[in-house]
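**Student:** Quick one, structure for this:
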Amino acid sequence: MNFVRVIFCAVACTFVFASGVVLADPPAHAKAHGWRKKHDPYYVGYTGRSWERDYGIVTGKCNRKEIGTVVGAVLGGVVGSQVGDGDGRTVAIIVGSVLGGIIGREIGRDLDEGDRACVGHALELARVGQPIRWINDQTKVSYILTPTKSDSKDCRNFTIKASRDRKSQTSKGRACRSGDGSWKIVS
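**Tutor:** Next up is the predicted model:
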């Protein structure tokens, strides 16, 4: 009888200890699908700034509707530099003069505030070599922005491809962060 009791306790202990390992979270340095999203809700940008939302950039897409809502809400009732606070203010600052004449006149003229916000946020959050894609539903222009190797924390090189009606343009550029947090095209 004691022998059966010992065996039963050994088996029970094995299940208890084994289930504890299964239920544990992986260590912070280990890759685990979804662990970062649940436990580390902030996205650290290229310049070291933390963001509450990534607007899809981490997955390789830019959610124009979500980022457009933030930009529209911030820009809609704003005068001068009194632009909200937090992510809304920073996204609005990023929108400022991001693309200039980088894409060319024909396709580039169709960039709206949502597209500019996607460019700025992609420059901030995308990894080197990670293509970020989005489509402007109104103009039917699709964009692919890919940050390339940079030699500075405050500047990023990138390529951007804009396509519409079987026409496409690819341009290379370099953007640098200014003191107010906006990305400015320098070449």
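**Student:** Show me the beta-bridge partners of K167.
**Tutor:** Using DSSP bridges, the bridge partners assigned to K167 are R164.
**Student:** cool, the one 4 residues further on as well?
**Tutor:** Per DSSP bridges, the residues bridged to S171 are I160.
**Student:** residues contacting the closest residue to W134 other than its chain neighbours?
**Tutor:** Distances taken as Cβ to Cβ, 6 or more residues apart in numbering put C62 closest to W134, at 4.0 Å, once the chain neighbours are dropped. C-beta coordinates here come from the backbone N, C-alpha and C atoms, glycine included. Contact analysis of C62 by Cβ atoms under 8 Å, 6 or more residues apart in numbering lists 55-56, 118, 121-122, 132-134.
**Student:** cool, and L145?
**Tutor:** By Cβ under 8 Å, 6+ apart, the residues touching L145 are 118-119, 122-123, 126, 131-132, 158-161.
**Student:** quick one: which of these has the most company?
**Tutor:** Among the contacts of L145, A122 has the most neighbours (other Cβ atoms under 10 Å), with 32 neighbours.
**Student:** Mind pulling the model confidence for the closest residue to it other than its chain neighbours?
**Tutor:** The shortest distance from A122 to any non-neighbouring residue, by Cβ to Cβ, 6+ apart, is to I132 (4.1 Å). I132 carries a pLDDT value of 93.
**Student:** domain ranges for the protein?
**Tutor:** 1-37, 41-185 (automatic domain parsing).
**Student:** and the ones you listed, which one is worst for confidence?
**Tutor:** domain 1-37 (a mean of 63).
**Student:** tell me, how many neighbours does K167 end up with?
**Tutor:** K167, neighbours per other Cβ under 10 Å, totals 10.
**Student:** Sounds good, over and out.
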